[in-house]
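Trainee: no letters, just coordinates:
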Ligand code: GRG
């Protein structure tokens with residue numbers, strides 16, 4: 001079995017370089033916007049979504065160079081979402097990836113605009129024709145997948161359910177739906193984008209990849225709920241205990257810590273089972289399914 005830490009390090013460095021190139025290519029953008037975009041996007045984060053694009057894409061037969069654009073696009077969307085999530089009108093957080101949040105380091109209006117610019121950049125990056133050709137029709141499918149996962153059908157839809165959840169009584173099904181949209185949709189899209197870059201035509205393979213990603217997406221968010229109560233801010237790089245402070249309903253508040261851990265681990269095992277039907281080269285995806293529930297931040 002390959003050393004996951006080394007693989008993870010390699011992909012983190014790779015996506016860092018790709019993001020840097022994409023941000024440097026925005027030549028007409030004012031420094032006052034490029035600075036916070038770089039502040040937020042570079043040098044931080046687990047890059048889990050990018051890694052999922054690379055791992056799914058390689059399994060689907062894509063070349064690494066074909067995966068750089070979709071991998072950076074999902075990280076750009078993710079970075080935008082974190083900026084907006086941290087704003088005073090949302091979760092009002094001051095710490096992200098171990099440093100002051102964007103609105104604290106700059107100001108609120110700059111943070112809103114930085115998020116907006118990153119979102120637009122994601123779609124620009126993914127739609128561009130590169131030397132490592134992905135067909136125009138597959139690029140359109142990628143744009144559609146990413147737009148759906150990011151907007152009202154996905155992340156933003158999940159965010160509004162999450163905001164309302166603090167005021168209303170939430171049952172388990174509503175919590176699962178919130179997690180599915182807010183966190184799961186972009187994680188699922190990451191795997192699908194990898195598959196599309198590989199030009200997979202086998203519907204069963206794509207369905208399997210999607211099912212795997214949906215399951216690890218839920219496991220990822222349950223683990224986020226768990227880490228919020230079990231780790232400190234220094235380890236997380238963001239404010240620990242914020243779910244409780246905001247009165248949020250989480251897996252831990254509904255099911256308790258032990259049952260939440262058990263459910264996350266069960267999901268990880270189920271995801272690994274699904275990989276059995278996706279060929280022989282699934283080691284990295286298997287390691288990722290393990291990582292989502294064993295991570296410490
Ligand atoms: C459009 C006004 C407006 C707001 C949108 C979309 C949105 C606000 C928020 C998105 C929701 C969000 C932040 C979900 C949380 C998902 C999650 C677990 C984030 C942390 O991801 P990690 O652990 O972070 O992968 P790193 O820092 O490692 O990349």
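Mentor: Yep, it's here. All of these numbers come straight from a predicted model, not from anything done at the bench.
Trainee: get me the contact residues on the protein for the ligand.
Mentor: When proximity is defined by CB under 6 Å from any ligand atom, the chain lies next to the ligand at 45-46, 48, 78, 81-82, 84-85, 97, 155-156, 159, 182-183, 221, 224. Every residue, glycine included, has its C-beta placed from N, CA and C.
Trainee: need the residue closest to the centroid of this structure.
Mentor: Nearest residue to the geometric centre of the chain (CA atoms, centre = their mean): residue 49, 4.4 Å.
Trainee: contact partners of the helix or strand containing that one?
Mentor: For residue 49, the host element (DSSP states H and E) is helix 48-59. Residues from elsewhere that reach helix 48-59, judged by CB atoms under 8 Å, 6 or more residues apart in numbering: 8, 11-12, 14-15, 64, 66-67, 70-72, 74-75, 78, 186-187, 190-195, 197-198, 209, 213, 216, 220, 278-279, 281-282, 284-285, 288, 291-292.
Trainee: again with stretch 202-209
Mentor: So stretch 202-209 is in contact with 56, 59-60, 191-192, 194-195, 200, 274-275, 277-279, going by CB under 8 Å, 6+ apart.
Trainee: hmm, try it at 7 Å
Mentor: Identification of contacts with stretch 202-209 by CB atoms under 7 Å, 6 or more residues apart in numbering yields 56, 191, 192, 195, 200, 274, 277, 278.
Trainee: show me which of those are buried.
Mentor: Neighbour-count burial (16 or more other CB atoms under 10 Å) applied to these gives 56, 191, 192, 195, 200, 274, 278.
Trainee: if I look at the fourth one, how far off is residue 241?
Mentor: The gap separating residue 195 from residue 241 is 38 Å, by CB to CB, to the nearest Å.
Trainee: again, but for residue 117
Mentor: Residue 117 is 31 Å from residue 241, by CB to CB.
Trainee: and residue 46, which helix or strand is it part of?
Mentor: Under the criterion DSSP H and E, no helix or strand holds residue 46.
Trainee: need the helices for the stretch 151-297 of the chain, in chain order.
Mentor: For the stretch 151-297 of the chain, the helices defined by DSSP state H, counting those that start in this stretch occupy 155-165, 172-179, 185-197, 203-230, 233-236, 242-245, 251-255, 257-275, 283-294.
Trainee: could you give the angle of the third one to helix 203-230?
Mentor: With axes from the mean of the first three to the mean of the last three CA atoms, to 10 degrees applied, the angle from helix 185-197 to helix 203-230 works out at 150 degrees.
Trainee: what is helix 185-197 packed up against?
Mentor: For helix 185-197, the elements it packs on are helix 48-59, helix 64-86, helix 136-150, helix 155-165, helix 203-230, judged by 3 or more CB pairs under 7 Å, 6 or more residues apart in numbering; DSSP states H and E.
Trainee: how about the first one: buried residues?
Mentor: By neighbour count, with 16+ other CB under 10 Å as the criterion, the buried positions of helix 48-59 are 48, 49, 50, 51, 52, 53, 54, 55, 56, 57, 58, 59.
Trainee: centre of the chain to it, how far?
Mentor: Put simply, helix 48-59 sits 11 Å off its chain's centre (CA atoms, centre = their mean, to the nearest Å).
Trainee: same thing with the longest one?
Mentor: Relative to the centre of its chain, helix 203-230 is centred 11 Å away, using CA atoms, centre = their mean.
Trainee: okay, the angle between it and helix 172-179?
Mentor: If you take the same axes, to 10 degrees, helix 203-230 sits at 100 degrees to helix 172-179.
Trainee: so residue 12 makes contact with residue 44?
Mentor: No - using CB atoms under 7 Å, residue 12 is not in contact with residue 44; the gap is 9.9 Å.
Trainee: mind checking how far residue 170 is from residue 162?
Mentor: Residue 170 is 9 Å from residue 162, by CB to CB.
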